[in-house]
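Q: Whatever this is, show me its structure:
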Amino acid sequence: MKLLGRGDQIRRNTAELTHRFRRGPIFRTTIYCWTSKPGRLFDMTDEIGERARKIGATSLRSIGDTAGRQRLKDNDESSLTADAMLTILRDDNIELTADLRATHGLCAECNDVATASLIEVWIDQSERRSWFLIETLDAD
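A: Numbers count the residues shown, from 1 in each chain. Predicted structure coming up:
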């Protein structure tokens, strides 16, 4: 459940970033890369819920349930710069990767190979997002 809350919030924050366009020579690359990210994160949260149900656990049931499990701090600041937003997303993705690794370890302990295999893909995706954010911030 912790992963669902964190993944959903990163998805929402990533979608918000696509509307706060960056300027300069990497504008096209940044927008192209970020327009596909929210969909991938949504797919991940959906797969987590499906996997939870398959092993007999419960999944998120409502927006209130999601809010109650939220682990990332909301940032409603209207004057947030694009770089500040990228920094927050970078940090959030790094935290998500750490959570995914911890969950992978738990799956390995319980011999849940199917879930561990899915998590390996999500770790790779999260590391790619983190790398992209780090490189984008370093390019400025």
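Q: mind listing the helices in the protein by residue range?
A: Per DSSP state H, the chain has helices spanning 2-17, 27-54, 63-69, 82-109, 113-139. These are given in chain order.
Q: Could you give the separation of the fourth one from the chain centroid?
A: Okay, so that is helix 82-109. Relative to the centre of its chain, helix 82-109 is centred 7 Å away, using Cα atoms, centre = their mean, to the nearest Å.
Q: in that helix, what's buried?
A: By neighbour count with 16 or more other Cβ atoms under 10 Å, helix 82-109 contains the buried residues 82, 85-86, 88-90, 92-97, 99-100, 103-104, 107. The way it works is simple: take the backbone N, C-alpha and C, and place the C-beta from them, glycine included.
Q: returning to that earlier point: I'd like to know which of the helices of the chain is closest to N75.
A: Of all these, helix 82-109 sits nearest to N75, with 6.3 Å by Cβ to Cβ.
Q: Can you check what angle separates the closest one from helix 113-139?
A: Here the directions of helix 82-109 and helix 113-139 differ by 160 degrees (axes from the mean of the first three to the mean of the last three Cα atoms, to 10 degrees).
Q: Can you name every helix or strand that helix 82-109 contacts?
A: Secondary-structure packing of helix 82-109 (3 or more Cβ pairs under 8 Å, 6 or more residues apart in numbering; DSSP states H and E): helix 2-17, helix 113-139.
Q: Mind checking the pLDDT average for the shortest one?
A: In this case it means helix 2-17. The predicted model assigns helix 2-17 a mean pLDDT of 56.
Q: Could you do the longest one as well?
A: For helix 113-139, the per-residue pLDDT values average out at 89.
Q: Show me how far it is from its chain's centre.
A: Counting by Cα atoms, centre = their mean, helix 113-139 is centred 9 Å from the centre of its parent chain.
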